[in-house]
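A.B. asks: Generate a structure from the sequence data that follows.
(2 chains)
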Amino acid sequence: MSTIFLVDDSATILMSMETILKKAGYAVTTAASGELAVAALGKGLKPNMIITDIHMPGMNGIDLIRKVRTMPGLQFIPILVVTTESQQSKRDEARAAKATGWLVKPVQPDDLLKVVKQILPKG
Amino acid sequence: MISPAILDRHRFPDARMAFAALTVGALAGLGATFVSGVGAAAPIGLIAAVSLILGDHLGERRSRAQMRSRLDRATDELLQYQAFTRLLRAQAERISGMSGDAARVIIEGLREIDDRAERLATELGNASEHQCDAETVQSLKIEAEAIGARIMTMLAELQFQDVTQQQLMFLSRLSLLLDDHIAELRRMMDDRRSPEPAARFKDLFDAALSDTVMASQRNDHHSAQGAGMEENSGPMIELFADEGATG
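C.D. replies: Predicted coordinates for the structure are as follows:
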């Protein structure tokens, strides 16, 4: 079973996306900030995919992606950005930081699962 | 003779005019003395000139007091606007907190309903034929699964809380900007001799555009400025297949 690591400062988003992904058969781990996510990954968490928000207090999503890309074994982990942000410049920043994709909130469950399945075909 | 230096420039800024009036008065008195030969005429002229100056001085003081009073009233009004913006921020925070709490309760409830519906579907699947006929079991299973599917959609809809929270945060930032501008105006009104002009509010309003997150916010901003442009915000879903990592 693939594990997806959700990072978002909104409890509403974490809870709803966790339920949707678990229902679809994925194991889900969550973190409420970029710093907590880095700490969990540093302690050996090895998810198959990370889904992160952009706007978070402290470490934002772009910085998290940059940090993850420097961590051993995580250089090529798929990282999806799910955010309310729609500015092209931010999208370009995420692309430059080696994000895998970009989804604008609110995300419909079918759209989310379609993208996740495209990236993690084994489920 | 009275020197212009004696006149307090701060209390009587138009000193040169006052001095001229005083001189004219004294000369008039001297002229009267010369013409009529009456020795008391010069002091009378002087007194008349001084009275004239004092009258002007008092009038100016009254006018300044009125102006000060009007400015004080205006600064008081501005202070009330700041109380109003503080109230708006407090309300935004309250709405955000309450909607967050409510969303979490709703999500927990929906999760429980979903779990129960799933258990029901599983139990129905395990039910033996003598407990229930196959057609009924299948029908109930379909119903239970339909409930589950509906719940997923409802869970997704609850993302509105996060979106709304960000919109409220933007409103709070805008009101802080307004507060700063009000404080600057109040400071300037207390000190009318300040040579610094207040920043134009339009410039501050334009700067707020860079704080926006959503395309809808930027479109509202353009609309508020009278520009009807709709921003092209790109696709809702985009995979950076060429550059990002994929599993």
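A.B. asks: On the three-state scheme, the closest residue in space to residue A:83 that isn't next to it in sequence is what?
C.D. replies: Of all residues not flanking residue A:83 in the chain, residue A:54 sits nearest, at 4.1 Å (CB to CB, 6 or more residues apart in numbering or on different chains). Where you see a C-beta, it was placed from the backbone N, CA and C, and this is true even at glycine. Secondary structure assignment for residue A:54 (DSSP: H, G, I helix; E, B strand; the rest coil): coil.
A.B. asks: Relative to residue A:103, how far out is residue A:54?
C.D. replies: Remark: distance between residue A:54 and residue A:103 (CB to CB, to the nearest Å) = 11 Å.
A.B. asks: Could you count how many residues lie near residue 73?
C.D. replies: Unless you meant another one, I'm taking chain A. Neighbourhood size, residue A:73 [other CB atoms under 10 Å in any protein chain shown]: 9.
A.B. asks: not what I meant, chain B
C.D. replies: Here the number of neighbours of residue B:73 (other CB under 10 Å) works out to 10.
A.B. asks: Next, the contact list for residue B:89, please.
C.D. replies: Residues in contact with residue B:89 (CB atoms under 8 Å, 6 or more residues apart in numbering or on different chains) are B:172, B:175-176.
A.B. asks: And the helices in chain A?
C.D. replies: Along chain A, counting by DSSP state H, helices occupy A:11-23, A:34-42, A:61-68, A:88-96, A:109-119.
A.B. asks: Adding mean neighbour count, write those helices out as TSV.
C.D. replies: Listed next are the helices of chain A as TSV, based on neighbours: other CB atoms under 10 Å in any protein chain shown:
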stretch	mean neighbour count
helix A:11-23	22
helix A:34-42	18
helix A:61-68	22
helix A:88-96	16
helix A:109-119	18
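A.B. asks: Dump those to a markdown table, plus mean pLDDT and distance to residue B:134.
C.D. replies: Below are the helices of chain A laid out as a markdown table (pLDDT from 0 to 100; distance: least, CB to CB, whole Å):
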| stretch | mean pLDDT | distance to residue B:134 |
| --- | --- | --- |
| helix A:11-23 | 93 | 26 |
| helix A:34-42 | 97 | 47 |
| helix A:61-68 | 97 | 50 |
| helix A:88-96 | 92 | 52 |
| helix A:109-119 | 94 | 30 |
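A.B. asks: What separation do you get for residue A:120 and residue B:189?
C.D. replies: In this structure, residue A:120 and residue B:189 are 63 Å apart, going by CB to CB.
A.B. asks: Need the helices of chain A in a markdown table (columns: distance to chain B).
C.D. replies: Putting the helices of chain A into a markdown table (distance: least, CB to the nearest CB, whole Å) gives the following:
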| stretch | distance to chain B |
| --- | --- |
| helix A:11-23 | 4 |
| helix A:34-42 | 15 |
| helix A:61-68 | 9 |
| helix A:88-96 | 5 |
| helix A:109-119 | 5 |
